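Peer 1: My questions are about this predicted structure, shown below with the sequence.
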Amino acid sequence: MTEGTARREYDRLAADLADLGVSVGQMFGKPTLKSGSKAIGCLFGDAVAFKLGAGTTEHTAALALAGAHLFDPSGTGRAMKDWVCVPVAHVGQWAALGEAALRRVTAG
């Protein structure tokens, strides 16, 4: 799948999560899913990076998906340990991961 497909699927995810109070903004110059002022995910190439919290069940499960990796927006080897990039090949997981990220951010 391509970045165009990822964008379409990201837009669909954003629309679905809007019912839960998620809005769209910008982070790192990329389209971002937000709860209030806090980012829960962002489109990055052909993937969405989700803020799942290092060590959580959701974080571990997301990293186990083929092609998933820690989010390194700068590309300099300084990954953001709480964030996991999940490629569009796993778009079927995006809604659950978005909801998990939302729960994490709104819980505290």
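Peer 2: Perfect, thanks for sending it.
Peer 1: C-alpha only now, for contacts and for neighbours.
Peer 2: Fine.
Peer 1: The helix or strand encompassing E9 packs against which elements?
Peer 2: Using DSSP states H and E, E9 sits in helix 3-18. Judged by 3 or more C-alpha pairs under 8 Å, 6 or more residues apart in numbering; DSSP states H and E, helix 3-18 is in contact with strand 23-27, strand 38-44, strand 47-51, helix 91-107.
Peer 1: quick one, which of those is packed in tightest?
Peer 2: strand 47-51 (a mean of 28; mean count of other C-alpha atoms under 10 Å).
Peer 1: Spatially central residue in this structure, please.
Peer 2: F50 (2.6 Å; C-alpha atoms, centre = their mean).
Peer 1: Could you tell me how many residues sit around R8?
Peer 2: 11 (other C-alpha atoms under 10 Å).
Peer 1: What residues are bridge-paired with the nearest residue to G41 once chain neighbours are set aside?
Peer 2: Leaving aside its chain neighbours, G41 sits nearest to F50 (4.3 Å; criterion: C-alpha to C-alpha, 6 or more residues apart in numbering). Beta-bridge partners recorded for F50 (DSSP bridges): G41, V84.
Peer 1: per-residue confidence for F50?
Peer 2: Note on F50: pLDDT of 98.
Peer 1: Please, which helix or strand holds the residue of the chain most remote from its centre?
Peer 2: No residue in the chain sits farther from the centre than T76, which is 19.6 Å out by C-alpha atoms, centre = their mean. T76 is part of no helix or strand when elements are defined by DSSP H and E.
Peer 1: give the contact list for R104.
Peer 2: R104 is in contact with L52, G53, counting by C-alpha atoms under 8 Å, 6 or more residues apart in numbering.
Peer 1: returning to that earlier point: who wins for proximity to D82 among the helices and strands packed on helix 3-18?
Peer 2: strand 47-51 (5.6 Å; C-alpha to C-alpha).
Peer 1: on contacts alone, who are the packing partners of that closest one?
Peer 2: Using 3+ C-alpha pairs under 8 Å, 6+ apart, the elements in contact with strand 47-51 are helix 3-18, strand 38-44, strand 80-87, helix 91-107.
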